[in-house]
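Enquirer: no sequence on this one, just coordinates:
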Ligand SMILES: [Zn+2]
Ligand SMILES: [Zn+2]
């Protein structure tokens, strides 16, 4: 791997690591461009695939045609989607007890929760 590729990969990895939640590829691109100004979207996608293969990041499907990426190893957590700024934030912990909601005789393997609403910044800007 060339020095240039290493720098690109580092910038992309750091953008994902320091974000408050999973990022879209175009968000990753604009954050990583602070380190590597001419970073192209094709490189972002290629690096995302490499980081997925190496297990450093994972995909978070938010909606059809909206897959975002976050670091692995953050433990069990859920996400909040702000419908004003379209940012996804990590939430802390889990209220659990989902198995209470299952129909009789069902068994749960896993669950996902996506809360929709307004983030603090958007709520404040509304006055
Ligand atoms: Zn917001
Ligand atoms: Zn949970």
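Expert: On my side now, so go ahead. Computed from a predicted model, the values in this text were never measured in an experiment. Ligands and ions are numbered 1, 2, ... in the order given.
Enquirer: Report pLDDT for the spatially most central residue of the chain.
Expert: By C-alpha atoms, centre = their mean, the mean C-alpha position of the chain lies nearest to residue 22, the distance being 1.3 Å. pLDDT for residue 22: 98.
Enquirer: what does residue 73 give?
Expert: Listed pLDDT for residue 73 reads 90.
Enquirer: Over to residue 15?
Expert: pLDDT, residue 15: 98.
Enquirer: Which residue, other than its chain neighbours, is closest to it?
Expert: residue 31 (3.7 Å; C-beta to C-beta, 6 or more residues apart in numbering). All C-beta atoms are positioned from the backbone trio N, CA, C, and that covers glycine.
Enquirer: ok, back up a step: find the nearest non-adjacent residue to the residue nearest to the centre of the chain, please.
Expert: Residue nearest to residue 22 in three dimensions, not counting chain neighbours: residue 68, with 3.5 Å by C-beta to C-beta, 6+ apart.
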